[in-house]
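# What shape does this take:
(2 chains)
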Amino acid sequence: AQSVTQPDIHITVSEGASLELRCNYSYGATPYLFWYVQSPGQGLQLLLKYFSGDTLVQGIKGFEAEFKRSQSSFNLRKPSVHWSDAAEYFCAVSGGYQKVTFGTGTKLQVIP
Amino acid sequence: DTAVSQTPKYLVTQMGNDKSIKCEQNLGHDTMYWYKQDSKKFLKIMFSYNNKELIINETVPNRFSPKSPDKAHLNLHINSLELGDSAVYFCASRGTGTPTLAKNIQYFGAGTRLSVL
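The predicted structure follows:
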């Protein structure tokens, strides 16, 4: 069965600081991996995805993520966080064309 | 022009009532989903339909019945609402392009916040 672990429930960073959100997945073959962002009261917006190829993927809003097969990880990074990045971030994995499994989310707080 | 739209956005109702949430997508996708997000933000899949056919049915009480009149619509009907049904319900649809392009990307609606009193 596929699963996703986001070990950090809540992260606080200062505006302008760098950010890394952790994601570990479990899947028997090559997974499809995603990061979604949910702003308060909103639906989920896709930040970036990994299907194959280059293990460093670029997304919207200046985010990037790196797929590391040996560590079963897909961590999300941003070099300089803006106050508008405060939101809930979800990592997700899909092994096929049907079910997508989400992690429990990491809430990002940005302080001035 | 919203890609995946849900109505209503908010729904407040009494225990025991029956209610429906509607979802429509204008992306031409074949597959649609319902997710439940609880108070701890945990997002759990409930159902998935592909071309009006049920393909995923997670462990959900049979008070919840999805209905897909066509591939652009997936409605969720809930009978005999209980306090524990209070949550945010998200509809999503999935792209149908090749795997390296659009397939597997889910597009979400803005959610329906259901409060059962």
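# low pLDDT regions in the chain?
No chain was given, so I picked chain A. Filtered on pLDDT under 70, chain A yields the residue ranges A:96-98.
# ah, I was thinking of chain B
Judged by pLDDT under 70, the stretches of chain B that qualify are B:1-2, B:96-104.
# Okay, strands next: where are they in it?
B:4-7, B:10-13, B:19-25, B:31-37, B:43-50, B:53-57, B:64-70, B:73-78, B:87-94, B:106-108, B:112-116 (DSSP state E).
# The fifth one pairs with which strands?
This points to strand B:43-50. The pairing partners recorded for strand B:43-50 under DSSP bridges are strand B:31-37 (antiparallel), strand B:53-57 (antiparallel).
# Give me the distance between B:Pro69 and B:Lys22.
Going from B:Pro69 to B:Lys22 by Cβ to Cβ, to the nearest Å gives 10 Å. Where C-beta positions appear, they are placed from N, C-alpha and C, glycine not excepted.
# for A:Phe21, what are its contacts?
For residue A:21 the amino acid is Leu, not Phe. A:Gln6, A:Asp8, A:Ile11, A:Trp35, A:Asn75, A:Leu76, A:Arg77, A:Tyr89, A:Cys91, A:Thr106, A:Leu108 (Cβ atoms under 8 Å, 6 or more residues apart in numbering or on different chains).
# What residues does chain A have near chain B?
A:32, A:34, A:36, A:38, A:41-46, A:49, A:51-52, A:88, A:90, A:94, A:97-102, A:104-105, A:107 (Cβ under 8 Å from any Cβ of the partner chain).
# Chain neighbours aside, what residue packs nearest to the spatially most central residue of chain A?
What sits nearest the mean C-alpha location of chain A, by Cα atoms, centre = their mean, is A:Trp35, with 3.6 Å. Spatial nearest neighbour of A:Trp35, chain neighbours left out: A:Leu47 (4.4 Å); criterion: Cβ to Cβ, 6 or more residues apart in numbering or on different chains.
# sorry, back to before: sheet partners, orientation included, of the strand or helix carrying the residue nearest to the centre of chain A?
Assessed by DSSP states H and E, A:Trp35 sits inside strand A:32-38. Taking DSSP bridges as the criterion, strand A:32-38 sits next to strand A:44-50 (antiparallel), strand A:87-94 (antiparallel) in its sheet.
# Can you check what angle separates it from strand B:87-94?
Strand A:32-38 and strand B:87-94 are oriented at 130 degrees to each other (axes from the mean of the first three to the mean of the last three Cα atoms, to 10 degrees).
# on that earlier part again, determine which stretch of the strands paired with strand A:32-38 is the most buried.
strand A:87-94 (a mean of 24; mean count of other Cβ atoms under 10 Å in any protein chain shown).
# what's the next secondary structure element after it?
Downstream of strand A:87-94, the first helix or strand assigned by DSSP H and E is strand A:100-102.
# quick one: that following strand to chain centroid distance?
12 Å (Cα atoms, centre = their mean, to the nearest Å).
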